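*Asks:* Kindly generate the corresponding structure for this input.
(2 chains)
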Amino acid sequence: MSLALLLAGGLAASAPASSYVPVRDEALAGRAVRGVFRAAGLSLAAIPSCRGVGLTPDARTVGDFFGGTLAQFANRKAKGPVLLVEARSGAARRQWVPVQVTLHKAEGEEEWNWGLRLEVTSRGPLAIRRVSCLVAG
Amino acid sequence: MAQAPNWSAAPQFLDKNVKDFCANGYIDNSFNHCAHFVAHALGLSAGYTCKKQTGGQHAGASMRVHELFASCHQVGRWADRQGSVIDCLVFITHPGNVHLKTKTMDNHPTKHVGVFSNGSVIHYSNTKDRVVRQTIDEFKHHYAPPYNGLFYGTVMSF
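*Replies:* Modelled structure (predicted):
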């Protein structure tokens, strides 16, 4: 499995006012990814944006969703970054930082970018809140 | 009272990027906008919408293919589509992800949807980042086998 952590550069995305930008601070990137693992036990049914997003009928948790999505990359080569770690622009110094951790696939006519948005503490013990699922397509 | 979809509206979206039709700001080009385009073009708001995602102030449009599929009035294999169904949604995915008896589709990422009207498919190309028109034969090659199973869905109104 090929994983690339996007710490610099990034996709040519549109830039709405509250856009997320690639995380350049490795410590914050680590907190964001660890935050995803921390959210793994949350019930998909309990989060409006996550209802019904499991890739298999038996998916019940955020971990089931993210793990199922990650498995789409098993043993595949990728042309670009697979794991995108982004934070809301200008928020890195806040106590709670809105981050976006997504898995990006671009292969042939297939392009999607699925994952989670959440807030993580920027320092001290890692805590998370406001978890939502990013799934479209 | 809900309105029936305006199928003739889809061609007006040709060549447009998502930023041109989503006033709710769900316009990141790295995201998949196939269901999002179909829903904006036809005014469909089943399931999770761009408005819910962004907290926008404008009419919300569906974002997920499997939620559009489940909301269709009638679904079936493309080969079984009756000649009287001239305007419909066209879905492409692995046939194993589609459960016709329960009118459900698994949320596998390799799935796509377009608007079939006037004999052609209008859909959002996520690699070209714009709405395109193809023949159904071209659309059949959107994915390689076994992900190229074609299905239709009729839409009444929501």
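
*Asks:* When you work out contacts or count neighbours from here on, use the C-alpha atoms and nothing else.
*Replies:* Noted.

*Asks:* For residue 107, give me its contacts.
*Replies:* Since no chain was named, I'll use chain A. Contact analysis of A:Glu107 by CA atoms under 8 Å, 6 or more residues apart in numbering or on different chains lists nothing.

*Asks:* you looked at the wrong chain, it should be chain B
*Replies:* Counting by CA under 8 Å, 6+ apart, B:Asn107 makes contact with A:Gly52, A:Val53, A:Gly54, A:Leu55, A:Thr56, B:Val65, B:His66, B:Asn97.

*Asks:* how about 10 Å then?
*Replies:* Residues counted as contacts of B:Asn107 (CA atoms under 10 Å, 6 or more residues apart in numbering or on different chains) are A:52-57, A:65, A:135-137, B:64-67, B:97-98.

*Asks:* again with B:Phe151
*Replies:* By CA under 10 Å, 6+ apart, the residues touching B:Phe151 are B:69, B:75-81, B:89-93, B:95, B:98, B:100, B:113.

*Asks:* Which of these are buried, as a PyMOL select command?
*Replies:* To isolate the buried subset of these in PyMOL, counting by 16 or more other CA atoms under 10 Å in any protein chain shown, use the following:
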select buried, chain B and resi 69+75+76+77+81+89+90+91+92+93+95+98+113
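
*Asks:* What about the contacts of B:Phe151, which are in strands?
*Replies:* Those of the contacts of B:Phe151 mapping onto strands are B:Val75, B:Gly76, B:Arg77, B:Leu89, B:Val90, B:Phe91, B:Ile92, B:Thr93, B:Val98, B:Val113, per DSSP state E.

*Asks:* So what pairs up with the first one in the strands?
*Replies:* Bridge pairing for B:Val75 (DSSP bridges) gives the partners B:Gly153.

*Asks:* Wait, it touches B:Met156, no?
*Replies:* No. Counting by CA atoms under 10 Å, B:Val75 stays clear of B:Met156, with 12.0 Å between them.

*Asks:* Mutual contacts of these two, please.
*Replies:* The contact lists of B:Val75 and B:Met156 share B:Cys88, where a contact means CA under 10 Å, 6+ apart.

*Asks:* Could I get the ones in strands among the contacts of B:Phe151 in a markdown table, plus columns for pLDDT and distance to A:Gly35?
*Replies:* Formatted as a markdown table, the ones in strands among the contacts of B:Phe151 follow (pLDDT from 0 to 100; distance: CA to CA, whole Å):
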| residue | pLDDT | distance to A:Gly35 |
| --- | --- | --- |
| B:Val75 | 98 | 40 |
| B:Gly76 | 98 | 41 |
| B:Arg77 | 98 | 42 |
| B:Leu89 | 98 | 38 |
| B:Val90 | 98 | 38 |
| B:Phe91 | 98 | 35 |
| B:Ile92 | 98 | 34 |
| B:Thr93 | 98 | 32 |
| B:Val98 | 98 | 33 |
| B:Val113 | 98 | 33 |
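
*Asks:* And the residues you listed, which is closest to chain A?
*Replies:* B:Val113 (8.3 Å; CA to the nearest CA).

*Asks:* what residue ranges in chain B are flagged as low confidence?
*Replies:* Regions of chain B meeting the criterion pLDDT under 70 cover residues B:1-3, B:157-158.

*Asks:* re earlier: among the contacts of B:Asn107, which are located in helices?
*Replies:* By the criterion of DSSP state H, membership of the contacts of B:Asn107 in helices covers A:Phe65, B:Val65, B:His66, B:Glu67.

*Asks:* Not counting residues beside it along the chain, what's closest to the third one?
*Replies:* By that I understand B:His66. Residue nearest to B:His66 in three dimensions, not counting chain neighbours: B:Met105, with 5.1 Å by CA to CA, 6 or more residues apart in numbering or on different chains.
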